[in-house]
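Q: Need coordinates for the following:
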Amino acid sequence: MLPPLWRCDGCGRTFANRNQSHFCDAKPGLDEHFARKPPEVRLLFDAFADAVRACGPVDVIPEKTRIAFHVRMSFAVIMPRRDGLAGHFIFARRVPHPRFMRIETYSPQNHLHAFRLARVEEIDAQFRGWIRDAYAIGEQKHLKK
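A: Here you go, the predicted model:
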């Protein structure tokens, strides 16, 4: 059984770890991330967010430089660019694949997998599978084993 989430009194955000380090400063709204981007970038983001929401409930958290997707922990991040989306997933294992630009290992069960999306069609069955895998990490299912 996982412990209940801790909620920051300052910003209201939830975390799996009590008193987790974070910044409570004023955050931009979601629309501010797309203010100077082509409309296709927002459509691409919306398609990504819809694919994430198909996995279950999720908090979409606009931050200063990125947009985080969070259940018990953040498991995916998107950064809108003029030509698409830069982002990453967190997986409990390394998943080498040409679609991942780099993989960074932070601990035995914490591996960042960076990607770029330029077209909605890139959110295909394989990519949706990775979203489901990352969502399970957000739920911390990998810790229940």
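
Q: Okay, helices next: where are they in this structure?
A: 39-53, 125-138 (DSSP state H).

Q: Report the backbone C-alpha coordinates of the last one in CSV.
A: This file holds the C-alpha atoms of helix 125-138, laid out as CSV (Å, rounded to 0.1, in the frame of the first residue of the first chain):
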residue,chain,number,x,y,z
ALA,A,125,0.1,2.7,-31.3
GLN,A,126,3.7,2.3,-30.2
PHE,A,127,3.9,5.8,-28.8
ARG,A,128,0.5,5.3,-27.0
GLY,A,129,2.1,2.1,-25.4
TRP,A,130,4.9,4.2,-24.1
ILE,A,131,2.3,6.7,-22.7
ARG,A,132,0.6,3.8,-20.9
ASP,A,133,4.0,2.6,-19.5
ALA,A,134,4.9,6.1,-18.3
TYR,A,135,1.4,6.6,-16.8
ALA,A,136,1.9,3.4,-14.7
ILE,A,137,5.1,4.9,-13.4
GLY,A,138,3.1,8.1,-12.5
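
Q: From the chain's centroid, how far away is that helix?
A: With Cα atoms, centre = their mean, to the nearest Å as the basis, helix 125-138 stands 10 Å off its chain's centre.

Q: go on, stretch 127-144?
A: 11 Å.

Q: and for that stretch, what are the contacting residues?
A: If you take Cβ atoms under 8 Å, 6 or more residues apart in numbering as the criterion, stretch 127-144 is touched by 2, 16, 51-52, 54-56, 58, 69-76, 89-92, 95, 99, 109, 113. Placement of C-beta: from N, CA and C, glycine included.
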